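Undergrad: Need coordinates for the following:
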Amino acid sequence: MSDRPLRDLTALSFFPALENINIDSVDVVDLSPLGSLPKLNWLTLMESPDLARAHRFDFGQLGEKPALDHLWLSLRQPWPDLTALATWPAVRELHYHGNLLALAEVETLPAAVFVQVQKWIEASTPLRDLRAFPTMPKIKRLDLAPTSSLDGIERYPTVVNLELGGDFVDLAPLEAMENVTYLKLTSEHFADLTPAHPSAKAARVGAGARAADRPLAAHRRGPVAPGRVRALRHHAH
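TA: Model (predicted):
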């Protein structure tokens, strides 16, 4: 649904068997009609960047969502109420573009396996760190940006694929990530790659732009165990 913004969801309540909803230009206030869809498995809600206003969504209006497996949200409004996500037991995949600080108010994402979190285009405030981010006991793939510190990343020891971006400098918290097999870092500020690939973890280190400014060879002393970290990229612009 992309011709013009959808401004009323009432009609959806007449189709309780709906399992998949994709609205890529939404301009509504009331989300409660989605509460009438107990079988909803996949939900995409995207606010149009062309709208002059943005509404404060309260996702508690959706009620219980026992079957919701995939959730994609792109929200302009800086402070949506996302706390209901902690009560949805089956959300395995979450893509969230919006105010990261609002998502940090969610206590837990109990079933999340893949979480991708990016700021909205106009947003500028990164996370302070990951210490207050939702608990994710089953997370395997985490893609998050921006954060100003990697403190708290050790709260996600089950992560296998890890992509992080921001203005962080200290990579020491990554030493706790023993299960990571793919690592991608995007930042202009860190200079010492040693904590990101201690000899027990690193298999291959790749460098992006301005690699000559970062003497990677100096950080690759000692034996390298194969198969642990597939790639690490440093982007400096």
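Undergrad: rest of the way, CA atoms for contacts and neighbours
TA: Noted.
Undergrad: can you give me the helices in the protein?
TA: For the chain, the helices defined by DSSP state H occupy 100-103.
Undergrad: Show me the contact partners of stretch 67-79.
TA: 38-49, 54-57, 88, 90-99, 102, 120 (C-alpha atoms under 8 Å, 6 or more residues apart in numbering).
Undergrad: Any regions of the chain where pLDDT drops low?
TA: Low-confidence segments of the chain (pLDDT under 70): 1-4, 49-54, 121-124, 191-192, 195-237.
Undergrad: can you give me the strands for it?
TA: For the chain, the strands defined by DSSP state E cover 20-26, 42-47, 70-74, 93-98, 114-119, 141-147, 161-166, 182-186.
Undergrad: Tally up the residues packed near residue 156, please.
TA: Residue neighbour count, defined by other C-alpha atoms under 10 Å, stands at 20 for residue 156.
Undergrad: I meant to write residue 57 there.
TA: For residue 57, the neighbour count with other C-alpha under 10 Å is 18.
Undergrad: and if you look at residue 119?
TA: Neighbour count of residue 119, defined by other C-alpha under 10 Å: 22.
Undergrad: excluding its backbone neighbours, what's nearest it?
TA: Distances taken as C-alpha to C-alpha, 6 or more residues apart in numbering put residue 98 closest to residue 119, at 4.8 Å, once the chain neighbours are dropped.
Undergrad: and what of residue 63?
TA: Take residue 63 and drop its neighbours on the chain: the residue closest to it by C-alpha to C-alpha, 6+ apart is residue 35, 5.2 Å away.
Undergrad: again with residue 91
TA: Closest residue to residue 91 apart from its sequence neighbours, by C-alpha to C-alpha, 6+ apart: residue 69 at 4.1 Å.
Undergrad: what's the answer for residue 41, then?
TA: Spatial nearest neighbour of residue 41, chain neighbours left out: residue 68 (4.0 Å); criterion: C-alpha to C-alpha, 6+ apart.
Undergrad: what does residue 65 give?
TA: That would be residue 88: by C-alpha to C-alpha, 6+ apart, it lies 5.5 Å from residue 65.
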